[in-house]
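[1] One predicted model, sequence on top.
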Amino acid sequence: MYPHKVAGASDASEVQATAPRRGGIHRKWLIPLVFLVGACAAPPRRETPAADPAAAAYHEALGQVTLATGDVRGALALRAERAAAAERAPTPSNCRRLLEAADLLGRHRDRLDVAYADLAARAAPWPRRARAAEVAAATTRAAAAADRAWRAAWEARCVGLPPVAEPEPAPPARVRSLCDDLRLHGRAVNVIGPAWADRALRPAGGLAVARRLARELEDDLDVLFVVLDGRRPEDGGHRSGVYLERGTAGLGAPAPTPPEALPGWRRLRSVVVLGGADGLRRGPSLRGLALAHAGRLTLPGCLPGPGAGWGWSDIGGQLGGAAPGSIEEVAPGRFRLRGLRGDPGLVANGGNSVPYAPLELYLMGLLPRQEVPAATFLRHPRPEADGLVAADGLCRLDAAALAVRFGERPLDPDPWRVGVAVVSDRPLDSAAMAQYRAEAIAFTAEGPDDDPALLNFFEATGGRGRLALTAPRPRPGERCTEAR
């Protein structure tokens with residue numbers, strides 16, 4: 001079965017998140033998706049027993065649809081915000097940002113189309129589900145065609161804008177070659193070779209890159225961002241990320257990766273794998289940082305949610321959840337939830353445009369426990385075709401229960417030391433690496449960045465958290481003896 005499925009939930013637990021955000025898509029695109037929810041929810045539980053390999057494959061594909069849908073929702077919101085900015089001030093800079101957001105949406109639409117196609121193939125034993133997935137895939141392709149026409153119209157509007165003076169580019173960083181497959185570019189490192197990208201795309205593949213760097217570089221980092229040049233993980237990098245157990249109290253279950261898995265570095269907490277430079281600025285970089293600490297609490301029947309997210313809850317943060325306080329019981333055992341932007345996300349809420357929830361800040365060591373409001377979760381949630389969610393009751397987690405159940409999470413006021421490793425098939429030149437460094441500098445800045453539609457770490461934490469972009473330091477002595 002899908003590995004992060006809510007215990008006791010129906011087969012459609014993850015499907016509700018596949019419905020695109022209302023307001024982001026014309027209503028005619030929503031009709032087939034309602035059919036998808038109804039078709040997936042309708043069959044009885046015995047149709048897909050947990051021990052059935054076909055059912056497990058189906059739920060895994062369903063999880064990929066959920067993740068891709070969350071990315072589409074976030075890209076739609078980002079495009080809408082940047083379109084509003086371009087309408088107010090039609091400058092070349094605003095146009096460029098708008099077209100970048102439109103391109104990002106197109107990539108996520110393509111990924112969602114592939115996810116639906118895979119879902120349809122894995123649903124072959126259940127014809128009604130397979131047909132529903134095929135209809136949803138066709139809807140996604142139609143929406144993508146409409147997006148391309150919308151982008152072309154905006155591009156035509158932007159062509160005639162007068163140019164403005166661009167700031168002088170920063171001087172290139174000093175390049176230092178450590179090994180055939182490692183080059184330092186100031187505060188970033190280029191890991192070279194298609195084999196490294198292939199390894200990074202595997203489940204927990206970020207660990208392979210971290211081990212390579214640990215042989216050559218000092219143990220200076222709390223977080224390592226592995227950015228894939230020209231490649232995009234199908235699930236946004238979630239399965240490739242690595243979260244190491246470091247003995248922090250108050251987080252719930254241990255992290256999935258023991259410290260012995262990375263003997264060269266004793267400080268590193270997480271490896272976050274991202275696709276391209278926009279993965280740092282637009283996400284899911286904020287979500288990856290949250291997963292270094294959050295996603296391990298356990299409430300029987302309520303947590304963990306799918307994909308280590310908050311699931312059917314009112315937390316409303318980087319790991320999903322509806323808007324705070326929005327769970328409403330409209331009939332006995334039937335609930336309505338209001339998302340931050342349309343439908344609630346189960347595993348995410350739209351990339352780097354959403355701040356951290358108070359519970360996430362607490363688990364990251366950035367907020368005292370006493371300031372965390374109570375959170376509510378549906379117990380054994382079962383989405384229904386009319387948009388409501390049936391459940392066997394509620395779980396409630398308040399500040400006192402956090403300490404009683406999981407212990408006290410100590411505050412962690414020190415900056416997190418962050419490294420950036422860009423993995424590419426061939427060596428990147430100084431200009432390409434400078435772009436990655438610029439994105440990293442904006443994301444780790446101790447203050448707001450220059451994009452009102454996106455949040456960097458400082459903004460997402462409300463100024464509580466700080467990241468220190470750290471230049472890699474080579475280890476002394478002989479190197480490159482185990483480069484491959």
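    Nice, thanks for sending it over.
[2] what about the stretch 1-150 of the chain, any weak spots by pLDDT?
    1-51 (pLDDT under 70).
[3] check contacts around residue 470.
    Residue 470 makes contact with 187, 220, 221, 417, 418, 419, according to Cβ atoms under 8 Å, 6 or more residues apart in numbering. For every residue, glycine as well, the C-beta is placed using N, CA and C.
[4] Check which helix or strand the nearest residue to it once chain neighbours are set aside maps to.
    Distances taken as Cβ to Cβ, 6 or more residues apart in numbering place residue 417 nearest to residue 470, at 4.5 Å, with adjacent residues excluded. Using DSSP states H and E, residue 417 falls within strand 416-424.
[5] From the chain's centroid, how far away is that strand?
    Mean C-alpha position of strand 416-424 versus that of the full chain (Cα atoms, centre = their mean, to the nearest Å) differs by 17 Å.
[6] if we can go back for a sec, so what's the residue count around the residue nearest to residue 470?
    16 (other Cβ atoms under 10 Å).
[7] how close does it get to residue 363?
    19 Å (Cβ to Cβ, to the nearest Å).
[8] Repeat that for residue 283.
    To residue 363, residue 283 is 19 Å away according to Cβ to Cβ.
[9] got the buried residues for stretch 118-138?
    Going by neighbour count (16 or more other Cβ atoms under 10 Å), the buried part of stretch 118-138 is 118-120, 122-123, 126, 129-130, 132-137.
[10] Would you reformat the residues you listed as a markdown table and include distance to residue 432 and secondary structure?
    Putting the buried residues of stretch 118-138 into a markdown table (distance: Cβ to Cβ, whole Å; DSSP: H, G, I helix; E, B strand; the rest coil) gives the following:
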| residue | distance to residue 432 | secondary structure |
| --- | --- | --- |
| 118 | 32 | helix |
| 119 | 36 | helix |
| 120 | 38 | helix |
| 122 | 38 | helix |
| 123 | 41 | coil |
| 126 | 46 | coil |
| 129 | 44 | helix |
| 130 | 43 | helix |
| 132 | 43 | helix |
| 133 | 38 | helix |
| 134 | 40 | helix |
| 135 | 41 | helix |
| 136 | 37 | helix |
| 137 | 35 | helix |
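[11] for the residues you listed, which one is nearest residue 385?
    residue 132 (11.0 Å; Cβ to Cβ).
[12] What separation is there between that closest one and residue 139?
    11 Å.
[13] what number of residues lie near the closest residue in space to residue 333 that isn't next to it in sequence?
    In space, and not counting its chain neighbours, residue 333 is closest to residue 390: 5.7 Å by Cβ to Cβ, 6+ apart. Using other Cβ under 10 Å, residue 390 has 17 neighbouring residues.
[14] same question, residue 344
    Neighbour tally, residue 344, other Cβ under 10 Å: 26.
[15] and if you look at residue 441?
    17.
[16] Could you list which residues are in contact with it?
    Here residue 441 is in contact with residue 469 (criterion: Cβ under 8 Å, 6+ apart).
[17] do that again at 10 Å, thanks
    170, 187, 188, 280, 420, 449, 456, 469 (Cβ atoms under 10 Å, 6 or more residues apart in numbering).
[18] Please identify which helix or strand holds residue 468.
    strand 467-469.
[19] again, but for residue 330
    strand 328-331.
[20] Give me the packing partners of that strand, helices and strands only.
    Under the contact criterion of 3 or more Cβ pairs under 10 Å, 6 or more residues apart in numbering; DSSP states H and E, strand 328-331 touches strand 334-336.
[21] in its sheet, what does the strand it packs on sit against?
    strand 328-331 (antiparallel), strand 389-390 (antiparallel) (DSSP bridges).
[22] nearest to residue 259, of these?
    The nearest among the strands paired with strand 334-336, by Cβ to Cβ, is strand 389-390 at 38.8 Å.
[23] Pairing partners for whichever helix or strand comes after that closest one, with directions?
    Per DSSP H and E, the first helix or strand lying C-terminal to strand 389-390 is strand 394-397. Using DSSP bridges, strand 394-397 pairs in its sheet with strand 375-378 (antiparallel).
[24] Helices of the stretch 51-200 of the chain, start to end?
    Using DSSP state H, counting those that start in this stretch, the helices found in the stretch 51-200 of the chain span residues 53-88, 92-122, 127-159, 194-200.
[25] tell me, how many neighbours does the closest residue to residue 83 other than its chain neighbours end up with?
    Sequence neighbours aside, residue 98 is the residue nearest to residue 83 in space, at 5.8 Å (criterion: Cβ to Cβ, 6+ apart). Neighbours of residue 98 under the rule other Cβ under 10 Å: 27.
[26] what's the spacing between residue 98 and residue 232?
    From residue 98 to residue 232 the distance is 21 Å (Cβ to Cβ).
[27] For the nearest residue to residue 223 once chain neighbours are set aside, name its beta-bridge partners.
    Leaving out its chain neighbours, the residue that sits closest to residue 223 by Cβ to Cβ, 6+ apart is residue 418, at 4.9 Å. Beta bridges link residue 418 to residue 223, residue 469 when assigned by DSSP bridges.
[28] who touches residue 418 in this structure?
    Residue 418 neighbours (Cβ under 10 Å, 6+ apart): 187, 220-225, 272, 285, 289, 440, 443-444, 457, 466-470.
[29] Apply 6 Å and report the result again.
    For residue 418, the contact set (Cβ atoms under 6 Å, 6 or more residues apart in numbering) comprises 223, 444, 467, 469.
[30] again, but for residue 255
    Contacts of residue 255 (Cβ under 6 Å, 6+ apart): 243, 244, 245.
[31] State the three-state secondary structure for it.
    With DSSP: H, G, I helix; E, B strand; the rest coil as the basis, residue 255 sits in coil.
[32] So what does residue 338 look like in phi/psi?
    Main-chain torsions, residue 338, degrees, to the nearest 10: phi -110, psi 120.
[33] thinking again about what came up before, can you tell me which of the contacts of residue 441 is closest to residue 353?
    residue 456 (11.3 Å).
[34] got a pLDDT number for the closest one?
    For residue 456, the pLDDT comes out at 93.
[35] ok, it - how many residues close by?
    24.
[36] which residues touch residue 334?
    388, 390.
[37] Next one: it from residue 326, what distance?
    15 Å.
[38] Residue 456 too?
    Distance of residue 456 to residue 326, given as Cβ to Cβ: 27 Å.
[39] Any figure for the gap between residue 451 and residue 260?
    40 Å.
[40] For the residue lying closest to residue 124 once chain neighbours are set aside, which residues are in contact?
    The shortest distance from residue 124 to any non-neighbouring residue, by Cβ to Cβ, 6+ apart, is to residue 130 (5.6 Å). Residues near residue 130 by Cβ under 6 Å, 6+ apart: 120, 123, 124.
[41] could I get the residues you listed as CSV with distance to residue 397?
    Below are these laid out as CSV (distance: Cβ to Cβ, whole Å):
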residue, distance to residue 397
120, 37
123, 35
124, 40
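[42] Go ahead and confirm the residue nearest to residue 83 touches residue 82.
    Yes - here residue 98 lies in contact with residue 82, judged by Cβ atoms under 6 Å, at a distance of 4.3 Å.
[43] just to revisit the earlier point, residue 451 and residue 260: which has the busier surroundings?
    Comparing residue 451 with residue 260 by other Cβ under 10 Å, the one with more neighbours is residue 451, at 19 against 8.
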